[in-house]
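> A structural model of the following input is requested.
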Amino acid sequence: MIDIVISLVLLIVLMPVIVLIFICLLIVNNGTPFFLQKRIGKNEMPFTLMKFKTLEDKVDENNVLLPDYLRSTKMGRLLRKSSLDELPQLVNVLLGHMSLIGPRPLLIKYLPYYTATERMRHHLKPGLSGLAQISGRNELKWCRRLALDVYYVKHVSLKLDTIIFFKTIGKILNAKGVILDKPYTIADLDDERRGR
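Next up, the predicted model:
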């Protein structure tokens, strides 16, 4: 109920910002303002994650998408730095796919690479923000990030959610831990655990 009320209020209050971003991205991204991707939710059930699109669809000579940092636009970098690209996920919260606080929803392709303990992260709905996000965001190694997710599942409480909520606001305001203009130093989870 708290998720629904807060997300609905945020959608109403932020609607002018959402509409403005939508219109700008219609122009910048040639009519495709949203990024939709299947992610893993509670009990490992897939759902469609919604975000504002921050990357171009540039490919190399083999028609393979270039790395994210080579496809970002000025507007995309602004949206990611401010976390405004995440606003459409408030709709995911209203639809019951996500909570405001919880482990971030990750890619379906990672499923075979979790340990039995790490799979506990899927016992709860994924969140817009979580313990890992306030502890380093993109800078955390996978083992640490997933360990924090499991810790959250084991210790979930309204008090912990409140702490994460307000620390998330602080992280957004100073954009700490967001990597924008250089290659990620952390490999995809599947690549890392295959030994690449």
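> Chain neighbours aside, what residue packs nearest to Gly96?
Lys125 (7.8 Å; C-beta to C-beta, 6 or more residues apart in numbering). All C-beta spots, glycine's among them, are computed from the backbone N, C-alpha and C.
> Tell me how far Ser129 lies from Leu14.
Counting by C-beta to C-beta, to the nearest Å, the gap from Ser129 to Leu14 is 16 Å.
> Report how many residues lie close to the residue nearest to Gly96.
Per other C-beta atoms under 10 Å, the neighbour tally for Lys125 reads 21.
> For this structure, which segments count as strands?
34-40, 46-52, 99-101, 127-129 (DSSP state E).
> Can you tell me which residue sits nearest the middle of this structure?
Nearest to the mean C-alpha position of the chain, by C-alpha atoms, centre = their mean, lies Arg104 at 5.8 Å.
> Find the nearest non-adjacent residue to that one, please.
Nearest non-adjacent residue to Arg104, counting by C-beta to C-beta, 6+ apart: Gly130, 5.6 Å away.
> So for the one you found, what's the pLDDT?
Looking at Gly130, its pLDDT reads 95.
> residues of the longest helix along the chain that come out buried?
Determined from DSSP state H, the single longest helix within the chain is helix 158-174. Within helix 158-174, the residues that count as buried by 16 or more other C-beta atoms under 10 Å are 161, 164-165, 168, 171-172.
> ok, those vs Tyr114, which is closest?
Ile164 (21.8 Å; C-beta to C-beta).
> what's the pLDDT at the closest one?
Per-residue confidence (pLDDT) for Ile164: 96.
> just Leu173 next, same as before
Looking at Leu173, its pLDDT is 79.
> counting contacts, what elements does the longest helix of the chain pack onto?
Applying 3 or more C-beta pairs under 8 Å, 6 or more residues apart in numbering; DSSP states H and E, one finds that helix 158-174 contacts strand 99-101, strand 127-129.
> Tell me which of those strands sits nearest to Ile108.
Across the helices and strands packed on helix 158-174, closest to Ile108 is strand 127-129 (C-beta to C-beta), at 17.7 Å.
> Which strands border that closest one, and is each parallel or antiparallel?
As defined by DSSP bridges, the strand partners of strand 127-129 come to strand 99-101 (parallel).
> Any idea how far the lowest-mean-pLDDT helix or strand in the chain is from the middle of the chain?
Least confident helix or strand, the chain: helix 68-71 with a mean of 79, by mean pLDDT, DSSP states H and E. Mean-position distance between helix 68-71 and its chain equals 17 Å (C-alpha atoms, centre = their mean, to the nearest Å).
> can you pull the contacts of Asn63?
Neighbouring residues of Asn63 by C-beta atoms under 8 Å, 6 or more residues apart in numbering: there are none.
> Of Ser129 and Leu14, give the one with the bigger neighbour count.
The residue with more neighbours, out of Ser129 and Leu14, is Ser129; 24 against 14, by other C-beta under 10 Å.
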